[in-house]
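A.B. asks: This is the structure alone, sequence omitted:
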Ligand SMILES: Cc1cc2nc3c(=O)[nH]c(=O)nc-3n(C[C@H](O)[C@H](O)[C@H](O)COP(=O)(O)OP(=O)(O)OC[C@H]3O[C@@H](n4cnc5c(N)ncnc54)[C@H](O)[C@@H]3O)c2cc1C
């Protein structure tokens, strides 16, 4: 364990721990280069966009990363694959209508298939598992809100998963009759077992979940792209972009003052760009763009358990969770190779969040204060039946979530700049949306006309 001055830890995730960071990197960018499709940002979104563009179109792809592949949110998340949004489905239906909301949900669900197809086509070692996980609820308001989402999903003919309500839920009789067909009342012990908790939760909402080291997945894919498409794929790491001038042929300027003129640019920076964007008249479009994203820093901790345990992913909504902005705790448990010699179990817990007024102020290398570990530890002690009372945390990390104004990932062409595409806005849940985003961008660039989507860019 890396402890500095007794009160803080180094920001180091288990995902980065497993990276190899060995690849052939083109370090020399000419003073003025030309490129077809330039992707800015080498997280899962940028690399998935590169993958689908190379697989499904004929364009050449240049991927530019300010630091190293997968060291942004992709290397600092919970690694839990889920197909829901951080925003409730009923909220999305209210804004976009049932048809568009349901289509958006199906688009995200389709990313499971895309992920499986990548594993079938590419020799990857990054761990990927899927199973049934749960959301644990403790209050009537939480249960009704989840049930309303289910009701709308049923109306939209989306696949429904099980909902279990405890026979000891004090609010059982207050649940409106219209939801009756959507849940099963079970002995309280079943809820406790499903959530593996020692705390009191009254409902368990099942859904397909998974575990993925998205950073290793991303790194391995980059290695694959470099060897499979040596003529069509170029990677520049340690190359921050400081300016982007839009126009028929966008021009990018690096911090080292090198220029690239591109046919098109895809921005996959999670929203936290440290650069200016101007349009063809030279006017800055930054104001709009920066306002589009709000920063939230998420804190996590992980401990190693040397006994094998089955994979597990649960979100716990305690009575303190009353609105979308409130933090909740999320837990994953998975097999993990701490060293090449043995496989242990890794348990990761996330929850504490800090909002940033100025999202550009986030520094990846900022230390991780013990205060955050304490918040996580008191949740673990109170909640997780399978965990020691005070585990020894081996990993501590924080990462930046970029929240878009509508809480949905922005995927597509900028409404006024057809050669400028976005696949960004992490919104707390971004693995499947990034994968689907890459696929959608490749289809758009291939010239396929797609129906309107809740992910369309609206700046
Ligand atoms: C604490 C936390 C927990 C999370 N848990 C989950 C989860 O369990 N499940 C889930 O689905 N999602 C989760 N997410 C969200 C998910 O991790 C992200 O949505 C996803 O990784 C975003 O990937 P990305 O490629 O868009 O962004 P990033 O991985 O951040 O990649 C963006 C890249 O762009 C680069 N870049 C930025 N500016 C420039 C520039 N000017 N020039 C060149 N390069 C630049 C950055 O260096 C970075 O590498 C979590 C996020 C956090 C922070």
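C.D. replies: Happy to help now that I have it. Bear in mind the structure is a predicted one, so any value in this text is a computation, not a measurement.
A.B. asks: who in the stretch 151-300 of the chain is up against the ligand?
C.D. replies: With C-beta under 6 Å from any ligand atom as the criterion, the stretch 151-300 of the chain comes near the ligand at residues 214, 240, 241, 268, 269, 270, 272, 273, 274, 275, 298, 300. (C-beta placed from N, C-alpha, C; glycine too.)
A.B. asks: To clarify, my last question referred to the stretch 351-459 of the chain.
C.D. replies: Residues of the stretch 351-459 of the chain lying near the ligand (C-beta under 6 Å from any ligand atom): 399, 400, 401, 424, 426, 428, 429, 430, 431, 434.
A.B. asks: Among the residues you listed, which ones are in helices?
C.D. replies: Using DSSP state H, the subset of these located in helices is 431, 434.
A.B. asks: any chance of the residues of the stretch 351-459 of the chain next to the ligand in JSON lines, plus neighbour count and pLDDT?
C.D. replies: Conversion of these to JSON lines gives the following (neighbours: other C-beta atoms under 10 Å; pLDDT from 0 to 100):
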{"residue": "399", "neighbour count": "24", "pLDDT": "93"}
{"residue": "400", "neighbour count": "21", "pLDDT": "88"}
{"residue": "401", "neighbour count": "27", "pLDDT": "85"}
{"residue": "424", "neighbour count": "31", "pLDDT": "91"}
{"residue": "426", "neighbour count": "31", "pLDDT": "74"}
{"residue": "428", "neighbour count": "19", "pLDDT": "83"}
{"residue": "429", "neighbour count": "23", "pLDDT": "90"}
{"residue": "430", "neighbour count": "24", "pLDDT": "93"}
{"residue": "431", "neighbour count": "26", "pLDDT": "97"}
{"residue": "434", "neighbour count": "30", "pLDDT": "98"}
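A.B. asks: Tell me the one among the residues of the stretch 351-459 of the chain next to the ligand nearest to the ligand.
C.D. replies: residue 430 (1.6 Å; C-beta to the nearest ligand atom).
A.B. asks: Give me the phi and psi angles of that closest one.
C.D. replies: Main-chain torsions, residue 430, degrees, to the nearest 10: phi -140, psi 0.
A.B. asks: Identify the residues contacting it.
C.D. replies: 44, 45, 73, 77, 401, 409 (C-beta atoms under 8 Å, 6 or more residues apart in numbering).
A.B. asks: And for residue 258?
C.D. replies: 29, 30, 31, 32, 33.
A.B. asks: The protein: helices as residue ranges?
C.D. replies: Under DSSP H, the chain gives helices at 14-17, 44-56, 89-96, 98-121, 140-155, 188-195, 214-228, 286-292, 370-383, 431-445.
A.B. asks: circling back to that earlier point, which of the contacts of residue 430 has the weakest pLDDT?
C.D. replies: Ranked by pLDDT, those bottom out at residue 401 (85).
A.B. asks: thought it was touching residue 298?
C.D. replies: Yes - here residue 401 reaches residue 298: they are 5.6 Å apart, a contact under C-beta atoms under 8 Å.
A.B. asks: what are the pairing partners of the longest strand belonging to the chain, and which direction each?
C.D. replies: Criterion DSSP state E: the longest strand present in the chain is strand 342-356. Strand 342-356 pairs in its sheet with strand 293-305 (antiparallel), strand 329-339 (antiparallel), by DSSP bridges.
A.B. asks: and the first one, how far from the chain's centre?
C.D. replies: Relative to the chain's own centre, strand 293-305 is displaced by 12 Å; criterion: C-alpha atoms, centre = their mean, to the nearest Å.
A.B. asks: Next one: residue 36 from the ligand, what distance?
C.D. replies: 18 Å (C-beta to the nearest ligand atom, to the nearest Å).
A.B. asks: Not counting residues beside it along the chain, what's closest to that residue?
C.D. replies: If the residues on either side of it in the chain are set aside, residue 36 comes closest to residue 60, at 4.3 Å by C-beta to C-beta, 6 or more residues apart in numbering.
A.B. asks: Next up, the contacts around the one you found.
C.D. replies: 35, 36, 37, 231, 232, 233, 234.
A.B. asks: Just the buried ones from those residues?
C.D. replies: The neighbour-count test (16 or more other C-beta atoms under 10 Å) applied to these identifies 35, 36, 37, 232, 233, 234 as buried.
A.B. asks: re the thing from before, so of the residues of the stretch 351-459 of the chain next to the ligand, which ones are in strands?
C.D. replies: 399, 400, 401, 424.
A.B. asks: Those into a markdown table, with extra columns for distance to residue 174?
C.D. replies: Converted to a markdown table, these look like this (distance: C-beta to C-beta, whole Å):
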| residue | distance to residue 174 |
| --- | --- |
| 399 | 38 |
| 400 | 40 |
| 401 | 34 |
| 424 | 41 |
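A.B. asks: how deep is residue 48 tucked in, by neighbour count?
C.D. replies: By other C-beta atoms under 10 Å, 29 other residues sit near residue 48.
A.B. asks: Can you get me a residue count around the closest residue to it other than its chain neighbours?
C.D. replies: In space, and not counting its chain neighbours, residue 48 is closest to residue 438: 3.0 Å by C-beta to C-beta, 6+ apart. The criterion is other C-beta under 10 Å. On that basis, residue 438 has 28 neighbouring residues.
A.B. asks: buried residues in stretch 178-196?
C.D. replies: Quick answer for stretch 178-196 (16+ other C-beta under 10 Å): 179, 182, 183, 186, 188, 190, 191, 192, 194, 195, 196.
A.B. asks: Quick check, residue 72 in contact with residue 43.
C.D. replies: Yes - counting by C-beta under 8 Å, residue 72 does reach residue 43; the two are 4.6 Å apart.
A.B. asks: Might you list the low-confidence residue ranges for the chain?
C.D. replies: By pLDDT under 70, the low-scoring segments of the chain are 1-7, 22-27, 272-273, 281-292, 357-360.
A.B. asks: Go again with 80.
C.D. replies: For the chain, the stretches flagged by pLDDT under 80 are 1-7, 21-28, 271-274, 280-294, 323-327, 340-341, 356-361, 402-403, 426-427, 459.
A.B. asks: Thank you kindly, that will do.
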